[in-house]
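> dropping the sequence and predicted coords here.
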Amino acid sequence: MERRLETVSRREILTKSVHTLVLVAALVEVDIAKGEAQQKMAQKLVQYQETPKKDQHCSICLQFVPPGSCKLVDGGINPNGWCALFAPKPQS
């Protein structure tokens, strides 16, 4: 059984290499953008407090993640706490 080797020009190799590098760069950029989107704000910046503000508290906020975290604010979150980013969950 005879095997034939296919010849590939330098241009084809360079073109495929450039396409691969562009793809890798795009994937890295997307990954970096995801990381930036997931950064949370410090509690001090959003005026977080361990107590509610009137009838507003974390456990009824759209951003609250039980049992004690937030999609937007870093660190442990008290369900009875409050911050300036409070947004009530929609009534169902």
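In hand now; what should we look at? Numbers count the residues shown, from 1 in each chain.

> which phi and psi does Trp82 have?
The phi/psi pair for Trp82 (degrees, to the nearest 10) reads phi -160, psi 150.

> quick one: name whatever helix or strand follows the one helix or strand in the chain whose mean pLDDT sits lowest.
Between all helices and strands in the chain, the lowest mean by mean pLDDT, DSSP states H and E belongs to helix 10-37, at a mean of 61. Past helix 10-37, further along toward the C-terminus, the next helix or strand under DSSP states H and E is strand 64-65.

> what's that next one in contact with?
Counting by CB atoms under 8 Å, 6 or more residues apart in numbering, strand 64-65 makes contact with 58, 70-71, 77, 79, all of which sit outside it. Where you see a C-beta, it was placed from the backbone N, CA and C, and this is true even at glycine.

> try 10 Å
57-58, 70-73, 77, 79, 81, 86-87, 89 (CB atoms under 10 Å, 6 or more residues apart in numbering).

> ok, that strand: who's next to it in the sheet?
Take DSSP bridges as the rule and strand 64-65 pairs in its sheet with strand 69-70 (antiparallel).

> just give me the neighbour total for His57.
18 (other CB atoms under 10 Å).

> sorry, back to before: quick check: ChimeraX command selecting the buried ones in the contacts of strand 64-65.
Burial among the contacts of strand 64-65 is assessed by 16 or more other CB atoms under 10 Å; the matching ChimeraX selection reads:
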select :57,58,70,72,73,77,81,86
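
> dump the contacts of strand 64-65 to TSV, plus secondary structure and distance to Gln47.
TSV is the format used below for the contacts of strand 64-65 (DSSP: H, G, I helix; E, B strand; the rest coil; distance: CB to CB, whole Å):
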residue	secondary structure	distance to Gln47
His57	coil	14
Cys58	helix	13
Cys70	strand	13
Lys71	coil	17
Leu72	coil	13
Val73	strand	10
Ile77	coil	13
Pro79	coil	17
Gly81	coil	11
Phe86	coil	10
Ala87	coil	14
Lys89	coil	20
